[in-house]
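Engineer: here's a sequence, model it:
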Amino acid sequence: MTTILGISGSLRKASLNSALLRAAAELMPDGATLDADGIAGIPLYDGDVEAAEGIPPAVAALKAKLRAADGLLLVTPEYNNSIPGPFKNAIDWMSRPPGEIKEHFGDKPVAVIGASGGYFGTTLAQAAWLPVLRTLGTRPWFGAKLMLPRAQTLLNAEEELADQATRERLAAFLAGFVAFAKG
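Structural biologist: Numbers count the residues shown, from 1 in each chain. The predicted model follows:
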């Protein structure tokens, strides 16, 4: 069984990206599962806090899931044409201490998708993740793109991805990424 850790980079209760992540969990191909998680409870990174208290429990839990996963799916919002601060902060915490970066991120297959309420999707946020992923030593998958502009129009009243064409695109994306992660 291939396990992918999916992380939504939004803190909003009615997050478009969390809805996209929930849909991804439903649409995983046979033989694969998606462990969907978020970044709630992760404090702002502070080296003094790290030195005094160590890694916060919410970060330690995500790191353990990442270490056990065969791949990582980042589901990113786009704020001001870039990576949301809280999401980048969570990944920064997960890269601590530096001696564990390779253990958690090294050669880990990673894909990035995202949803936005605007007209351009998450094109710039997805591109902004590339230097971070390179620095962490991951193996990004470039086999397909998935960015959903005006994503609120694709959800139903229960905040579920209801647009069938988008569900099919997401399922195809996930099948490609899982095949890549299996390697």
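
Engineer: every contact and neighbour count from this point should use C-alpha atoms.
Structural biologist: Fine.

Engineer: you'd agree residue 119 is in a strand?
Structural biologist: No. Judged by DSSP: H, G, I helix; E, B strand; the rest coil, residue 119 forms no part of a strand; its state is coil.

Engineer: that one: neighbouring residues, count only.
Structural biologist: Using other Cα atoms under 10 Å, residue 119 is surrounded by 10 other residues.

Engineer: is it true that it touches residue 149?
Structural biologist: Yes. Between residue 119 and residue 149 there is a contact under Cα atoms under 8 Å: 5.0 Å.

Engineer: next one: residue 96, what pLDDT does it get?
Structural biologist: In the predicted model, residue 96 carries a pLDDT score of 97.

Engineer: just the element for the nearest residue to it once chain neighbours are set aside, please.
Structural biologist: The spatial neighbour of residue 96 that comes closest, neighbours along the chain excluded (Cα to Cα, 6 or more residues apart in numbering), is residue 55 at 7.6 Å. Here residue 55, judged by DSSP states H and E, is contained in no helix and no strand.

Engineer: and the pLDDT for residue 55?
Structural biologist: Model confidence at residue 55, given as pLDDT, is 97.

Engineer: ok, so what distance separates it from residue 37?
Structural biologist: For residue 55, the distance to residue 37 equals 18 Å [Cα to Cα, to the nearest Å].

Engineer: now the helices for the protein?
Structural biologist: Ranges of helices in the chain, per DSSP state H, are 16-26, 47-53, 57-68, 85-94, 101-105, 123-135, 164-182.

Engineer: extract the CA atoms of the third one and return them as PDB.
Structural biologist: If I follow you right, that is helix 57-68. As requested, C-alpha coordinates have been extracted for helix 57-68 and formatted as PDB (Å, rounded to 0.1, in the frame of the first residue of the first chain):
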ATOM      1  CA  PRO A  57       3.900  18.100  19.500                       C
ATOM      2  CA  ALA A  58       1.900  19.200  16.400                       C
ATOM      3  CA  VAL A  59       5.200  19.400  14.400                       C
ATOM      4  CA  ALA A  60       6.500  16.100  15.800                       C
ATOM      5  CA  ALA A  61       3.300  14.400  14.700                       C
ATOM      6  CA  LEU A  62       3.500  15.700  11.200                       C
ATOM      7  CA  LYS A  63       7.200  14.700  11.000                       C
ATOM      8  CA  ALA A  64       6.400  11.200  12.000                       C
ATOM      9  CA  LYS A  65       3.700  10.900   9.400                       C
ATOM     10  CA  LEU A  66       6.100  12.300   6.700                       C
ATOM     11  CA  ARG A  67       8.800   9.900   7.700                       C
ATOM     12  CA  ALA A  68       6.400   7.000   7.300                       C
END
